[in-house]
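Asker: only geometry, no sequence info:
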C-alpha cells in the first residue's frame, strides 16, 4: 500500500491542532534531517523560514553536506550538541525506521514527518518509545498557521488583524 493510500485509510490518529500548537510552543530546538543546500528543496524553504521567523535553535542533519545557509551541518542526530525537541524529517519512507532509531537513541521528544510522509509502524514504535508523532504536516505551515504567518506564504487565512506575528 502506498504512503498516500495509507494516509487516507490508516488507523493511526495524529495530534489535534491544539496538541500540535503545544508541541511547537514547548520546543526549543529542531533538527532538520535530510536538510538540503538546494534552494528548490522544501527542507531549504522550511529552514529559511524557521531561522527567520522562529526562536528555535535549528540544526541541519545531512551526511553529505558541510554547510547550509552558512551553518554547520551534522552527519547524524548523534553528532548534535543537544537532543532536539523536534526531529523534522525530510527523508524517503524506507529511511524512516532508521531516523526513528536515531531519534530515540539521542532522546528526541517529537518525530515530525513532513507533508506526504506517512509510516504508521514508525509512528506506533515512536509513541511506544515515548515520542510524540506528527505525520504528513509541515512544521513551517503549522508554525505559520498558529502564529499568524500563513498570509506571508500566500495563504488566505480569512483573518484580518493588525497584530504583529509572534515568533513563539
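Answerer: All right, it came through fine. In this text, all values refer to a predicted model and were calculated from it rather than measured experimentally.

Asker: On the three-state scheme, the most centrally placed residue in the chain is what?
Answerer: Closest to where the C-alpha atoms of the chain average out (Cα atoms, centre = their mean) is residue 88, at 2.8 Å. Secondary structure assignment for residue 88 (DSSP: H, G, I helix; E, B strand; the rest coil): strand.

Asker: Surely it touches residue 24?
Answerer: No: judged on Cβ atoms under 8 Å, residue 88 makes no contact with residue 24 at a distance of 11.0 Å. All C-beta spots, glycine's among them, are computed from the backbone N, C-alpha and C.

Asker: Now list whatever residues contact both of those two.
Answerer: residue 139 (Cβ atoms under 8 Å, 6 or more residues apart in numbering).

Asker: what's near enough to touch the residue nearest to the centre of the chain?
Answerer: Contacts of residue 88 by Cβ under 8 Å, 6+ apart are 30-33, 46, 112, 114, 139.

Asker: Tell me the one of those residues nearest residue 122?
Answerer: residue 112 (11.9 Å; Cβ to Cβ).

Asker: if I've got this straight, that closest one is in a strand?
Answerer: Yes: Residue 112 forms part of a strand when assessed by three-state DSSP.

Asker: count of neighbours near it?
Answerer: 28 (other Cβ atoms under 10 Å).

Asker: Specify the beta-bridge partners of it.
Answerer: Beta-bridge partners for residue 112, by DSSP bridges, are residue 88, residue 134.

Asker: wait, doesn't it sit right on residue 90?
Answerer: No: if you go by Cβ under 8 Å, residue 112 and residue 90 don't touch, sitting 10.1 Å apart.

Asker: Okay, strands next: where are they in the chain?
Answerer: Under the criterion DSSP state E, strands of the chain are mapped to 29-33, 57-61, 67-68, 71-74, 86-89, 110-113, 132-134.

Asker: so which of the ones you listed gets nearest residue 16?
Answerer: Nearest to residue 16 among the strands of the chain is strand 132-134 (10.8 Å), distances taken as Cβ to Cβ.

Asker: which outside residues touch that closest one?
Answerer: Strand 132-134 is contacted by residues 14-15, 20, 23, 109-113, 123, 126-127, 142 when judged by Cβ under 8 Å, 6+ apart.

Asker: Could you do stretch 36-43 as well?
Answerer: Stretch 36-43 is contacted from outside by 32, 34-35, 44-45, 62, 65, 67-69, 90, 114-115, 138, using Cβ under 8 Å, 6+ apart.
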